[in-house]
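Colleague: just to be clear, the model below is a prediction. Sequence and coordinates:
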4 protein chains.
Amino acid sequence: MIKVAIVGASGYTGVELIRILHAHPEVAVTCVTSEQSAGRPVSDVFPTLRGRCDLVLQNLEPVGIAEQADVVFTALPHKAAMAVVPTFLKMGKDVVDLSADYRLHDADVYGKWYEKHLTPELLPQAVYGIPELRRDTIREANLIANPGCYPTSVILGLAPLLKGKVIDPKSIIVDAKSGTSGAGRSAKVDNLYCEVNEGFKAYGVGGVHRHIPEIEQELALLAGTPLTISFTPHLVPMDRGILSTIYSVPTGKVRASELITLYETFYEGEPFVRVLPEGVLPSTAHVRGSNFCDIGIVVDERTGRIIVVSAIDNLVKGASGQAVQNMNLMCGLPETLGLDFLGIFP
Amino acid sequence: MIKVAIVGASGYTGVELIRILHAHPEVAVTCVTSEQSAGRPVSDVFPTLRGRCDLVLQNLEPVGIAEQADVVFTALPHKAAMAVVPTFLKMGKDVVDLSADYRLHDADVYGKWYEKHLTPELLPQAVYGIPELRRDTIREANLIANPGCYPTSVILGLAPLLKGKVIDPKSIIVDAKSGTSGAGRSAKVDNLYCEVNEGFKAYGVGGVHRHIPEIEQELALLAGTPLTISFTPHLVPMDRGILSTIYSVPTGKVRASELITLYETFYEGEPFVRVLPEGVLPSTAHVRGSNFCDIGIVVDERTGRIIVVSAIDNLVKGASGQAVQNMNLMCGLPETLGLDFLGIFP
Amino acid sequence: MIKVAIVGASGYTGVELIRILHAHPEVAVTCVTSEQSAGRPVSDVFPTLRGRCDLVLQNLEPVGIAEQADVVFTALPHKAAMAVVPTFLKMGKDVVDLSADYRLHDADVYGKWYEKHLTPELLPQAVYGIPELRRDTIREANLIANPGCYPTSVILGLAPLLKGKVIDPKSIIVDAKSGTSGAGRSAKVDNLYCEVNEGFKAYGVGGVHRHIPEIEQELALLAGTPLTISFTPHLVPMDRGILSTIYSVPTGKVRASELITLYETFYEGEPFVRVLPEGVLPSTAHVRGSNFCDIGIVVDERTGRIIVVSAIDNLVKGASGQAVQNMNLMCGLPETLGLDFLGIFP
Amino acid sequence: MIKVAIVGASGYTGVELIRILHAHPEVAVTCVTSEQSAGRPVSDVFPTLRGRCDLVLQNLEPVGIAEQADVVFTALPHKAAMAVVPTFLKMGKDVVDLSADYRLHDADVYGKWYEKHLTPELLPQAVYGIPELRRDTIREANLIANPGCYPTSVILGLAPLLKGKVIDPKSIIVDAKSGTSGAGRSAKVDNLYCEVNEGFKAYGVGGVHRHIPEIEQELALLAGTPLTISFTPHLVPMDRGILSTIYSVPTGKVRASELITLYETFYEGEPFVRVLPEGVLPSTAHVRGSNFCDIGIVVDERTGRIIVVSAIDNLVKGASGQAVQNMNLMCGLPETLGLDFLGIFP
């Protein structure tokens, strides 16, 4: 059994890690931490866990935590993560970091979008953990930068087009929509039920969302050239799910059927990417609670544009599920172990 | 008092007309029809009306209906509307048609997107009823084609940019999102609570939604040149509201503050358009239940694109509220009469 | 025009007062206060108001506030209200207090359920403002204790049965359900969207909810005898609405049709109470946004129990709408002025 | 591997069975049927299943179905179930019937609440499948009448009180609330998103809901005496979950702590019943997606009444999860096999 610590277990990605790992046959969660709720059983904070995971939440003392675990998941805000990850690594632990701290290869870019990086020397060894794109590198890594939720949906949605040089990299517009769990669990008026319910809005409009640099970094690697995207996030009155509607201009004449074949080939054998047949489009309702990314591809004959629609559960493939997928790879386990559950509908 | 008939009163736009007109000081609703529920009081179908509007739903016999009214609102599916509108006109009634039947000037375009038009001879006299763009023509009209919900949000969102020749008309991409009342009130599995709730999806992707030709018709008039847009509608798990996120490429260098001034000037004195200050973006929650269209304008400095975000209540400014606004103009009443209510929040 | 101040305008009952009063032909809102948001336009806090009510939120300085108004609505937490109400009264203003501070006639009961009362000498002059029960007293009052949301639904639901001595007063069980706006607008994890959405729970179980004493006070007055009820509130994942399901045991044999006649007689001519026909039951959806209280009555032939189901919008008839109804009475205006709007559906 | 057929797989309990059984290590779903959607892959109807369960929906030909399976789950409307169950039994199959057809021991009672029973001779061999009450009988059965959703929550909620003779059996009032998936998946206006969303209502008030006879049958067995309950169901605007608030009068003086001990003893070792500590109450949000029944117990000191609050997921412990639990017992498998997953939150 692999002993796992979950650092930052009182947030939504934390409890989702516990939910998933509870059913993982090779893992025992041995340690959970929370600064706010230390001393309380985690099942007190999240009563779904009652009777199954009643571990007491600990303070975040990295050395003590590390001693209880083989693998550490850090589900912390950015900056808080890089304050403790070095200790875990030094003590020989495998780390899957769900924050943004190790996602950007370039400390200057990090500095521009976030703040000054505390441990730039670790960036070269961090692997941006999208298994579909770099499975083998992940297997060798000891520090995984688990991708953001929006980036996962966009990168998987565009990879075949960019790798296949089908589209003009400058033409990409991403109109993305997220369920409210993506806004986290801190007590803010903006996230109250009555403020969110029965409303729909855009936020962070105009190229300012912090997920942009990691999306551009990964898309540029796929395209083989730097690129800049338009990215507009929206808030949907629902708990879970991200749907990204992605517009781009092909470099030549394309047909939907050909593009679907391109995607099917690119993702052949992938356990968690489902390329939808022509005329079928994804819904977040169909991936809710699962580790799938569903992708639909359409060509607008009138304007020539390609529209890719990509759907994930932001807490699973967009966070905790992908984190476990990365852990499986790092630990030499079958990639789908503990992850092959179906979405919950309705 | 103006006597009003509402033809097709058992749908959501029908009951919204009754709600609005109940508070209108110069209107008496004298007649409501419904094929499905004829013989039942309308307050039986919509118990919100109980004790205030208990009219019995009648069968749709155009001559008999017309005799009871000065103004007729037709809230019918397309095709059904053009089967009865001519009778109302012949009998000298003013008609506000909420269907698509008289929105397109060109019967061939109608034929391509819908079916063969039954009364193309009436198209020249029909006025596409966006008061902000053609108030004076509406005042003289006797047949108003009340705009679609998506088109209202898009046309108001883009009018200043196109009229001002600020953007390349070929660059327009509209990513639009609608609450579920836009899907109507017929019994379909797809619209069941459990199918819609907690899910978000695109539909009609690839340039096939029937609101496209009326959007393009009106935008072309504003731009002074034909144009083609990309338009992707989405379904939001909420009752009411449309939010359109509109991307375009400016022909020259622009700043958000200048564009906001352009919009403020364009919509100066407009009672129902609110141009938001720089940095503020609309939410459907802030127009819910009201006749407002809220518009926010952003320039993405990184990509050069302009992003306009436009929000309305699809049942009010996107349907029944705008219909009453048009009626007010046709009848020589103050434009805001009965419409100056605030949105409901939460 | 009556000049109105709204003290505590940054909560949900505050904005609902503004929404309702905006359409009131005899009222001008001249002053709004908020401790948290003083200095900001109220339309900044609630963008529904933009362009229609852009008053700047003031600090709560009672004398200064009073000078700007004829009538003061205090929409404050309990205790905060009784700290300022005396000043308003001393300055000759009419006060409608939406807090609990003046609802209980007995300062000792207040002390037991809340805390020591600061101004017990004012209790005798305060009138518990249910117009359907004491319209004439309200007309003469200068301090209205506006009823709680749950109490309004329960008292209106039971009045005819108790007044008519139809039921055993000891047999009353109230199972009540409220939308989330009843929980207020303060930033608490428990009220976050993801904590409330897709869940249903009871709270304050076992006779501890603070609305119990005012319910019992009013029911005892109706019954002519002291009584104790069981009261269990629940939280519904929706914005607005209260539905109370009320069980009681009749003292003799009763039939639903007779009870409905009893209710119809009791509430004859009441503008805002709708007694539903036999076999019809209320839904919060049918009173949403309106000042109605809908009541359905059923007799369970198998057990002999009477079940009354009562529905209101907690922010309208349960708070701000009833407050305006009380103001109309106090000010000698027609009781329904500004309140005769229909519910919003969907 | 046990081969399983799911008859009636295009409803919500059908897809939930597939979701659960997909993760069951000893089961292979070999056959799914649907009258409406025969010929289509079940993953076409429920895209959550895509790539994992793409079986083609078959017509309901009982003999052919039986040949493909060891165990048959019938997730059909009442009457439709008893038309096919006899064939499955005759062919030696184990049957878990999720309809009401075999729940009532007395064909006359069935006749009164439903219609004339077609196969009364099978009733004696049918076992009402609540494992917590009759685990051993279930193990020997070949026909399980899987309990209704409301009944499961009520019976588990009251069993210790009735078995322990703590309460007056005549005093029971059940105020129950269900998510919308309980209303099924057929296309009715009443179940449309906009009709259900943002509303809360009672239905079937006055002792007419068809779950009453099975609740009374089972409670009477526990109490050792016939009894009649008041039962009022309500519809909650959410997908999943049932919460029953149960009022009763104790025969003597009781304390909450003693009752909780009684429950803990009664349910000791039960894998799926969680008795909550004093002062803690259940929420449907905490059992969503899981097979748990959470129970909270409160004594109202003011009225002497006991209030039990019981929460389940109506599609899991209230239907498909309990069905699998019963199958495990019938097939000699560990009772929790494939069911020990945690609820999904948020």
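Modeller: Here it is on my side, so go on. Numbers count the residues shown, from 1 in each chain, chains lettered A, B, ... in the order given.
Colleague: how about the residues of the stretch 51-200 of chain A that lie near chain C?
Modeller: Remark: the part of the stretch 51-200 of chain A in contact with chain C comprises A:180-181, A:185-189, A:191-198, using CB under 8 Å from any CB of the partner chain. Where you see a C-beta, it was placed from the backbone N, CA and C, and this is true even at glycine.
Colleague: again, 6 Å this time
Modeller: Contact residues (CB under 6 Å from any CB of the partner chain) of the stretch 51-200 of chain A with chain C: A:180, A:181, A:187, A:188, A:189, A:191, A:192, A:193, A:194, A:196, A:197.
Colleague: what's the neighbour count on the first one?
Modeller: Put plainly, it is residue A:180. Other residues lying near residue A:180 total 25 when counted by other CB atoms under 10 Å in any protein chain shown.
Colleague: now the last one
Modeller: The local packing count at residue A:197 equals 25, with neighbours defined by other CB under 10 Å.
Colleague: next: the fourth one.
Modeller: When neighbours are defined as other CB under 10 Å, residue A:188 has 13 of them.
Colleague: which among the residues of the stretch 51-200 of chain A next to chain C are in contact with chain D?
Modeller: Applying CB under 6 Å from any CB to those, one finds that residue A:181 fall near chain D.
Colleague: among the residues of the stretch 51-200 of chain A next to chain C, which ones are buried?
Modeller: For those, a burial check counting by 16 or more other CB atoms under 10 Å in any protein chain shown picks out A:180, A:181, A:191, A:192, A:193, A:194, A:196, A:197.
Colleague: mind checking which of these are in strands?
Modeller: When strands are assigned by DSSP state E, not one member of those lies inside them.
Colleague: now do the buried residues in stretch A:265-274.
Modeller: If you call a residue buried by 16+ other CB under 10 Å, then stretch A:265-274 has these buried ones: A:266, A:267, A:270, A:271, A:272, A:273, A:274.
Colleague: now, those residues that are in helices?
Modeller: The subset of the buried residues of stretch A:265-274 located in helices under the criterion DSSP state H comprises residue A:266.
Colleague: in TSV: the buried residues of stretch A:265-274, plus distance to chain D.
Modeller: Rendered in TSV, the data for the buried residues of stretch A:265-274 read as follows (distance: CB to the nearest CB, whole Å):
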residue	distance to chain D
A:266	16
A:267	11
A:270	10
A:271	9
A:272	9
A:273	9
A:274	5
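Colleague: stretch A:53-72 - what's its average pLDDT?
Modeller: In this model, stretch A:53-72 carries a mean pLDDT of 97.
Colleague: does that stretch reach chain D?
Modeller: No: remark: stretch A:53-72 sits outside contact range of chain D, by CB under 6 Å from any CB, the gap being at least 7.7 Å.
Colleague: need the distance between the two termini of that stretch.
Modeller: One end of stretch A:53-72 to the other measures 17 Å (CA to CA, to the nearest Å).
Colleague: before we move on, the earlier item: of the residues of the stretch 51-200 of chain A next to chain C, which is the nearest to chain D?
Modeller: The nearest member of these to chain D, counting by CB to the nearest CB, is residue A:181 at 5.3 Å.
Colleague: measure the closest one to residue A:237 for me?
Modeller: Relative to residue A:237, residue A:181 is positioned 12 Å away (criterion: CB to CB, to the nearest Å).
Colleague: could you do residue A:261 as well?
Modeller: With distances taken as CB to CB, residue A:261 is found 37 Å from residue A:237.
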